[in-house]
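Q: from the sequence below, what's the structure:
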Amino acid sequence: MGGNEVDEAVASAVALLRPVVDRDWADTNAGGLDWSCRQTAEHIVTDLVTYAARLAGRTQSPYARLNITLGSVGGLAPAGNEGADTRVNEGILDVITATGALLTAAIRTAPRDARAFHPAPFRSANREGFAAMGIAEVLLHAHDMAEGLGLPYEPPAHLAEFVLTRIFPEVRPGPDRWQTLLWATGRADLPGRARLTGWTWSNNLVLDTDRLRLEGVTPAAAADLSSGAADLSSGGTGGFDWIEDGPFHGTREAAGMLIKSYEAGVHRPEFGMYILVRREDDRAVGGVGFHGAPDEEGKAEVGYDLAEPARGNGYATEALRALAERALARDDVRSLFATIEPSNAPSQAVIARAGFVRVSEELDAEGLQAYELRG
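A: This next block holds a predicted model:
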């Protein structure tokens, strides 16, 4: 879920900064930022407590942000010695530790389906998303403060990977996860890649239907779903609570395809994979999604499957209609298509109910029939 990783990120940043509490943080710029190290530390605290409050309260309002100013009983800091007073900087680290613990508690107590507002880019995040954002804020701004204070800093690589595989799904992973995260946030060069001047992270997209939530699958979840599944009989859950006999083979295959796209740097999350979750009981029943981004003609391929106990309830049709409606509303999508075995009557019924029509009676090279839905 990310609670342990938040704890570890906070501990890493505090260990970095503890030996330099006697330095002047108020008059020292934080690396390439326009903020001082003191202001950067306040920003870390603000984000940690805001994320904790949003997730704990399932807040949906874009106005629910807290602005934190660090102070003491006697005021902001001892008069005339704000920046370099050891007690002030030690207190700042204590507050970072405390607000990190608040976020960890919110993550650990939130149910799996909890979501709260965050603007980038789909207007909400789940508990792993808030964990990844919190870790990113702590690690990246600790890096900024370290640059300003002249300190070397490299946090554990698995923390950078946690962030990258959850909120940077379009970033091709590199051999050095920390340097890749620094590059993805405009802070470093990476061989073979242009320096970024603008960036944003991306929480997973969720589409709601009458009975289902279509939850976008992150690279982290896809890796778990496809792990150990060479024979398609094993693998993880992807963090979902599956009904009996789920996930089905097609879902694990699609997760493997997502990982290949991610590793190649061509994955686009809105044209990725979604898990079908029943809203009534938060149980995952199947998968639906795209085989990749649309081609130059605006054509994209779709696929879907259900765990066997969930079949016959119209879930696949409901999910496919929602996915198709959103895709065809985009300017870069003109048509969707699917290929189905001629003997697979249930799948043909699903595709027909979703509005797709058979392209021709001829089979393709793999013996499949093509169906298309145009916008």
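Q: compute the first-to-last residue distance for stretch 258-271.
A: 10 Å (Cα to Cα, to the nearest Å).
Q: which residues touch that stretch?
A: Judged by Cβ atoms under 8 Å, 6 or more residues apart in numbering, the contacts made with stretch 258-271 from elsewhere in the structure are 169-173, 202, 204-205, 216-219, 222-223, 226, 272-273, 289-290, 292-294, 300, 327. Bear in mind the C-beta positions are built from the backbone N, C-alpha and C, glycine included.
Q: for it, buried residues please.
A: Using 16 or more other Cβ atoms under 10 Å as the test for burial, stretch 258-271 gives 258-259, 261-262, 267, 269-271.
Q: not counting its neighbours along the chain, what's nearest Leu368?
A: Nearest-residue entry for Leu368: Thr339, 3.9 Å, with adjacent residues in sequence omitted and distances by Cβ to Cβ, 6 or more residues apart in numbering.
Q: phi, psi of that neighbour?
A: Here the main-chain torsion angles of Thr339 (degrees, to the nearest 10) amount to phi -120, psi 140.
Q: now do Val277
A: In this entry, Val277 is assigned phi and psi values of phi -120, psi 130 (degrees, to the nearest 10).
Q: what pLDDT does it get?
A: You'll see Val277 listed with a pLDDT of 98.
Q: which residues sit in contact with the spatially closest residue to it that is not a sequence neighbour?
A: When the adjacent residues along the chain are set aside, Val277 lies closest to Arg213, with 4.6 Å between them (Cβ to Cβ, 6+ apart). Contacts for Arg213 were tallied using Cβ under 8 Å, 6+ apart; they are 113, 206-207, 276-277, 279.
Q: pull out the buried members of those.
A: Buried positions within the contacts of Arg213, assessed by neighbour count (16+ other Cβ under 10 Å), are 113, 206-207, 276-277.
Q: wait, which of the residues you listed is closest to Thr251?
A: Leu276 (9.3 Å; Cβ to Cβ).
Q: taking the contacts of stretch 258-271 one by one, which sit in helices?
A: Among the contacts of stretch 258-271, the residues falling in helices (DSSP state H) are 219, 222-223, 226, 327.
Q: export those as TSV, with columns for pLDDT, neighbour count and distance to Ala136.
A: Conversion of those to TSV gives the following (pLDDT from 0 to 100; neighbours: other Cβ atoms under 10 Å; distance: Cβ to Cβ, whole Å):
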residue	pLDDT	neighbour count	distance to Ala136
Pro219	98	25	15
Ala222	97	28	20
Ala223	96	19	19
Ser226	92	23	25
Ala327	97	22	29
